[in-house]
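Visitor: Fold the stuff below for me.
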Amino acid sequence: MNERQQRIEFVKRIMKDLLGKMGADQLYAKNLEEIIAFRAALTEETDRGCALMAASYLESRVGDLLKSFLVNNHSILNSLFSSTGPLGSFAARIDMAYVLALIPDNMRHDFHIVRKIRNQFAHDPLELSFDSPSIADRCRALTYIGSSKSDSPRGLFLSALMGIDGSIHVRLETIKNLDPVPNEDLEKIKEVFQEMETLIINKDKDNI
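Guide: Next up is the predicted model:
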C-alpha cells in the first residue's frame with residue numbers, strides 16, 4: 001500500500017467514526033469513497049489549488065441543495081444557475097440557501113469565509129499560502145471544524161470543508177422539491193370580476 005492509499009484509509013477511518021457519532025453513517029456511506037478520494041486529492045494540492053478546488057466543490061454543493069428544494073423545472077433552473085443568472089455566483093447561492101431556511105446562519109458564515117479565501121487566492125498576484133496572515137485569520141474564524149483551534153490554518157480549512165459537506169449531505173437526503181403552484185382558473189376569475197363590475201355599475205345607477 002503506497003503513501004496515498006494509506007492516507008485515504010486513514011481519512012476513511014476518521015470519517016466513518018465521525019459520521020457514526022453524528023448518526024449519519026448510513027446516509028453518507030454511499031458517497032464516502034468519492035468524498036475520501038476528493039479529500040485526499042486536496043491534500044496533494046498546493047495551497048492555492050486546494051482553496052480553489054474546495055470552494056468550487058462547495059459552490060456546487062450549495063447549488064445542489066437549492067436545486068433539490070426549488071420547483072424541478074430544468075429549463076428555468078438552468079437559466080437561474082447559469083454564469084449570468086441570478087444564482088450564478090457563489091455569494092448569491094449562499095444567501096439564497098439561507099433565506100430559504102436550507103442552511104443555518106453559522107454555515108452561511110463559513111460559506112462566505114471560504115468564498116473570500118477563494119477570491120483572495122484567485123485574484124491576489126502575490127505568493128499566498130494558508131499561513132498568510134489574512135488567510136490564516138479567516139481560517140481561524142471558521143466554525144464547522146472538528147479539530148482543535150491550534151491546528152494549522154490549512155487543517156482548519158479542510159476540517160470545515162468536511163463538516164459543511166457532511167451537513168449538506170444529510171440535508172440533501174431529507175429535503176424535497178417544492179410542488180409548482182397549480183394554474184388558476186382564469187375563466188372563473190374573469191366571471192367573478194365581471195359579476196363585481198356589474199354590481200358596481202348597477203349600484204352607481206341606483207344612486208343617480
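
Visitor: all strands for this structure, in order.
Guide: Using DSSP state E, the chain contains no strands.

Visitor: Find the residue at the geometric middle of it.
Guide: By Cα atoms, centre = their mean, the chain has its centre lying nearest to Val62, at 1.8 Å.

Visitor: Surely it touches Arg93?
Guide: Yes - assessed by Cβ atoms under 8 Å, Val62 is found in contact with Arg93 at 4.7 Å. C-beta here means a position set from N, CA and C on the backbone, and glycine is covered the same way.

Visitor: re the thing from before, so the residue nearest to the centre of the chain versus Leu161, what's the distance?
Guide: For Val62, the distance to Leu161 (Cβ to Cβ, to the nearest Å) stands at 13 Å.

Visitor: go on, Gly146?
Guide: 11 Å.

Visitor: With neighbour numbers in mind, choose between those two.
Guide: Per other Cβ atoms under 10 Å, whichever of Gly146 and Leu161 has more neighbours is Leu161, with 25 against 15.

Visitor: Give me the domain ranges for the protein.
Guide: What the record gives for the chain is the domain set 1-44, 46-206, from automatic domain parsing.

Visitor: Export those domains as JSON lines, with columns for mean pLDDT.
Guide: Listed next are these as JSON lines, based on pLDDT from 0 to 100:
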{"stretch": "domain 1-44", "mean pLDDT": "68"}
{"stretch": "domain 46-206", "mean pLDDT": "91"}
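
Visitor: which residues touch stretch 62-73?
Guide: 77, 81, 87, 90, 93-94, 96-97, 100, 102-103, 111, 168, 171-172, 175-180 (Cβ atoms under 8 Å, 6 or more residues apart in numbering).
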